[in-house]
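Q: please find the sequence and the predicted model below.
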Amino acid sequence: MVYVTECRLVLFQRIGQNHYQRGELRPRLVGKADLVKLYGKWAIVTGCTSGVGKAYANELASCGVNVILISRNREKLEAVAKELAESHRIETAIVVADFSAGREVYPSVAKALAGKEIGILVNNAGVFYDHLDGFTNLTEQHIWDLINVNIAAANMMVHLVLPGMVERKKGAIVNVSSMSCIHPSPEMTAYSASKAYLDHFSRALYYEYAPKGIFVQSLIPGFIFTKMIKHVSLFTKESLFVPSAEEYAHQAITTLGVAKRTTGYWPHTIMLMFGRYLPEWLWFWGIKIIHLSEKRRH
């Protein structure tokens, strides 16, 4: 009993040090900031036709920020652009781009962005597994999709817009990672590794460019009730720890400019703080439970 109590004390001491002293995960306790004044009139959101990307674009628009929507489906892009423009009386633009195509897509993206002063970039585009599985069961194409969409797209979009931000001495970049980045995650090996890459990429960029007026955030969400997880029987409805995309984005945007590394949503912060100190075997066991739940749903 004494040993368990001591372990708990050590855990909470470590949580306190990480959460309060370093401020990596602290939430904003006030309302939304004036994003136009802080960063500029235009934002880019990739992977924005559904889920978190669409919800985050809506939050930006509600702050008066004009939004450039980038995704691969023109019809869906046009629908979201129309919805945002009519609901919030902002300007919108769309760029049709399939990031899974690799390098060939970026010249046309750069051309479409020419002349726009981009103040905020949200790299949300990503692909997951069709279902949790061993690495060798992935197709070669799926592996390339994970690399091109989850990793290369964020790098290239930052490379396109960061010089302009540096020139204007202001800007914000949000790279959407995942809580799967905090430990190696079997059965979604390549996905979790790609999200760990984004986390490290974001944290390093922050230190490189914060002195030049650029804010870079690693956004690390937990489970969100989107089509990505609806096939898992553990998640049958929204809850405090599995929010809707709209609720998540509403909370996450308040951390923009405040927390350089955050879940964006306080219940997920609780999950992350405990998850970071779980032994790997217990983390792996949790993934196995999710995998079994997924199989039962199918």
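A: Nice, thanks for sending it over.
Q: could you find the closest non-adjacent residue to residue 51?
A: Leaving out its chain neighbours, the residue that sits closest to residue 51 by Cβ to Cβ, 6 or more residues apart in numbering is residue 226, at 4.1 Å. Every residue, glycine included, has its C-beta placed from N, CA and C.
Q: the one you found in helix, strand or coil?
A: coil (DSSP: H, G, I helix; E, B strand; the rest coil).
Q: who's in contact with it?
A: By Cβ atoms under 8 Å, 6 or more residues apart in numbering, the contact list for residue 226 reads 50, 51, 52, 245.
Q: next: residue 160.
A: Residue 160 sits in contact with 106, 109, 110, 113, where contact means Cβ under 8 Å, 6+ apart.
Q: what about the first one, neighbour count?
A: If you count neighbours by other Cβ atoms under 10 Å, residue 106 ends up with 18.
Q: again, but for residue 143
A: Other residues close to residue 143 by other Cβ under 10 Å number 12.
Q: also the one 3 residues further on?
A: Residue neighbour count, defined by other Cβ under 10 Å, stands at 23 for residue 146.
Q: just the one 5 residues further on next, same as before
A: Residue 151 has 19 neighbouring residues, counting by other Cβ under 10 Å.
Q: then the one 4 residues further on?
A: Counted by other Cβ under 10 Å, the residues lying close to residue 155 total 14.
Q: helix or strand for it, which one?
A: helix 153-168 (DSSP states H and E).
Q: just give me how far that helix sits from the chain centre.
A: Distance of helix 153-168 from its chain centroid, counting by Cα atoms, centre = their mean, to the nearest Å, is 17 Å.
Q: re earlier: please report how far the residue nearest to residue 51 lies from residue 135.
A: Between residue 226 and residue 135 the computed distance is 24 Å (Cβ to Cβ, to the nearest Å).
Q: equivalent analysis for residue 167, please.
A: Per Cβ to Cβ, residue 167 is found 42 Å from residue 135.
Q: picking up where we left off before, out of the contacts of residue 160, flag the one nearest to residue 200.
A: Comparing the contacts of residue 160 against residue 200 with Cβ to Cβ places residue 106 closest, at 22.3 Å.
Q: verify the stated contact: the closest one with residue 153.
A: No - when contacts are counted by Cβ atoms under 8 Å, residue 106 is not listed as touching residue 153 (9.0 Å).
Q: contact partners of whichever strand or helix holds residue 76?
A: For residue 76, the enclosing helix or strand under DSSP H and E is helix 74-88. Residues from elsewhere that reach helix 74-88 (Cβ under 8 Å, 6+ apart): 48-50, 54, 57-58, 61-62, 64, 67, 69, 71, 90-96.
Q: picking that back up, now that we have the contacts of residue 160, which of them are buried?
A: 106, 109, 113 (16 or more other Cβ atoms under 10 Å).
Q: residues contacting the first one?
A: Listed by Cβ under 8 Å, 6+ apart, the contact partners of residue 106 are 156, 160.
Q: hmm, 10 Å instead?
A: 97, 99, 152, 153, 156, 157, 159, 160 (Cβ atoms under 10 Å, 6 or more residues apart in numbering).
Q: and those residues, which are buried?
A: Buried subset of the contacts of residue 106 (neighbour count, 16+ other Cβ under 10 Å): 97, 99, 152, 153, 156, 157, 160.
Q: does the first one touch residue 72 like I think?
A: Yes - proximity of residue 97 to residue 72 meets the contact threshold set by Cβ atoms under 10 Å, at 6.5 Å.
Q: which neighbours do these two have in common?
A: Counting by Cβ under 10 Å, 6+ apart, the residues touching both residue 97 and residue 72 are 105, 125.
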